[in-house]
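In: Below is the sequence, then the predicted model.
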Amino acid sequence: MTEITINKTIDLERAAKEFLSKAGDSSIIAFYGPMGAGKTTFITAICKVLGVKDVVNSPTFTIVNEYGTALGRPIYHFDFYRINKLSEAMDIGLYEYFDSDGLCLIEWPEKIEELLPEETLKVSILVDSEDTRTLLF
């Protein structure tokens, strides 16, 4: 089990760099945590480290946003909070995203747990205090 502590938002970039170095070749990463834990904030930091120039925000209503990295690799940012049936995830072509060369970053993966491939890197974001979070994976 790997643990990374994030102390305040000024520590996000360092934590994102450390996370990416320890995540290895994982291309499907699922972020678990309660509302307000910082899933979108951390994904935004990952995107910044990877050179995304677009505005990164949660795709709560669109389910998926696509960003381009500095190296041209796509990032697919999913938010499954509002889906009610697995078929909604399938309707967006979920497995096509998973099978692409893109990096898939998933918020609220518990809503599609049974659709996640075995190789999915599962990351828990624990709320330690108002300013501190711990990533466990």
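Out: Cool, the structure landed.
In: For residue 45, see how far away the residue most central in space within the chain is.
Out: With distances taken as Cα atoms, centre = their mean, the residue of the chain nearest its centroid is residue 105 (3.2 Å). Taking Cβ to Cβ, to the nearest Å as the measure, residue 105 falls 11 Å from residue 45. Where you see a C-beta, it was placed from the backbone N, CA and C, and this is true even at glycine.
In: hmm, back to that, dig out what the residue nearest to the centre of the chain forms beta bridges with.
Out: For residue 105, the beta-bridge partners are residue 29, residue 77 (DSSP bridges).
In: Just confirm it contacts residue 74, I think it does.
Out: No. Contact criterion Cβ atoms under 8 Å: residue 105 and residue 74 do not qualify, at 11.1 Å.
In: how about the helices of this protein, start to end?
Out: For the chain, helices defined by DSSP state H occupy the ranges 12-23, 39-49, 86-91, 94-98.
In: How about the contacts made by the closest residue to residue 34 other than its chain neighbours?
Out: Spatial nearest neighbour of residue 34, excluding adjacent residues (Cβ to Cβ, 6 or more residues apart in numbering): residue 127 at 6.7 Å. By Cβ atoms under 8 Å, 6 or more residues apart in numbering, the contact set of residue 127 is 33, 34, 36, 37, 38, 133.
In: Please check the residues you listed and keep the buried ones.
Out: Buried members of the contacts of residue 127, counted by 16 or more other Cβ atoms under 10 Å: 33, 37, 38, 133.
In: quick one, what contacts the third one?
Out: The neighbours of residue 38, taking Cβ under 8 Å, 6+ apart as the test, are 6, 125, 127, 133.
In: ok now do the residue nearest to the centre of the chain, which residues does it touch?
Out: 29, 31, 43, 46, 75, 76, 77, 78.
In: Cool, thanks, talk later.
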